[in-house]
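1. Kindly generate the corresponding structure for this input.
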Amino acid sequence: MVNSDYTESLLNIILDEVDDIIMILEADHTVVWMNRAGTKAFEIELKDIIGKRCYTLFGKTSPCEDCTIWTESIAMTNKPKIKIIPKTGKEYVCNTLPLYQDGQAKLFVQHLRQVKGGKLE
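-> Presented below is the predicted three-dimensional model:
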C-alpha cells in the first residue's frame with residue numbers, strides 16, 4: 001500500500017510538469033496549492049501565495065465578477081470562461097472543478113490554459 005505522503009509527492013511532481021496553470025483553492029478563494037507553471041506565470045514563489053486569495057494573483061482586491069468558483073458552487077455548470085489576467089496580460093480559458101465533502105464544495109481545482117493566436121495552446 002502506498003502512503004499518503006508518497007501519493008501527494010507523486011501528484012505534485014506530475015502536476016508540476018504540466019504547462020497549464022493548476023491551482024487548488026478553498027471556497028473563500030484561498031490558495032492551497034499551485035503548480036510550477038502558475039508560479040512561473042505569476043512570477044511568485046509558492047510560499048508567498050499559499051494562504052492568500054487567488055484574485056490577488058490577478059491584480060485585483062476582490063473576487064472576479066464572473067468568478068468560476070461561485071458559478072461552480074452554485075450552478076455546477078462546469079462552463080469554461082475566457083479570462084485576461086491583468087498581471088500577465090495573457091488570455092486564459094478558466095475551468096473550475098469543485099471537490100465535494102458532505103454535500104458541500106470544499107475545494108476547487110482551477111485550470112487555466114493559455115489562449116494563443118485565437119486558439120487554445
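2. Please save the CA atoms from whichever strand or helix holds Ile82 in PDB.
-> Using DSSP states H and E, Ile82 sits within strand 81-85. Output of strand 81-85 as PDB, limited to C-alpha atoms (Å, rounded to 0.1, in the frame of the first residue of the first chain):
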ATOM      1  CA  LYS A  81     -14.700  31.200 -19.000                       C
ATOM      2  CA  ILE A  82     -12.200  33.200 -21.000                       C
ATOM      3  CA  LYS A  83     -10.200  35.500 -18.800                       C
ATOM      4  CA  ILE A  84      -7.500  38.000 -19.400                       C
ATOM      5  CA  ILE A  85      -5.200  38.100 -16.400                       C
END
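3. Can you tell me the strand partners of that strand and which way each runs?
-> With DSSP bridges as the test, strand 81-85 is paired with strand 90-101 (antiparallel).
4. quick check: mean pLDDT across the strand holding Ile82?
-> Here strand 81-85 scores 77 as its mean pLDDT.
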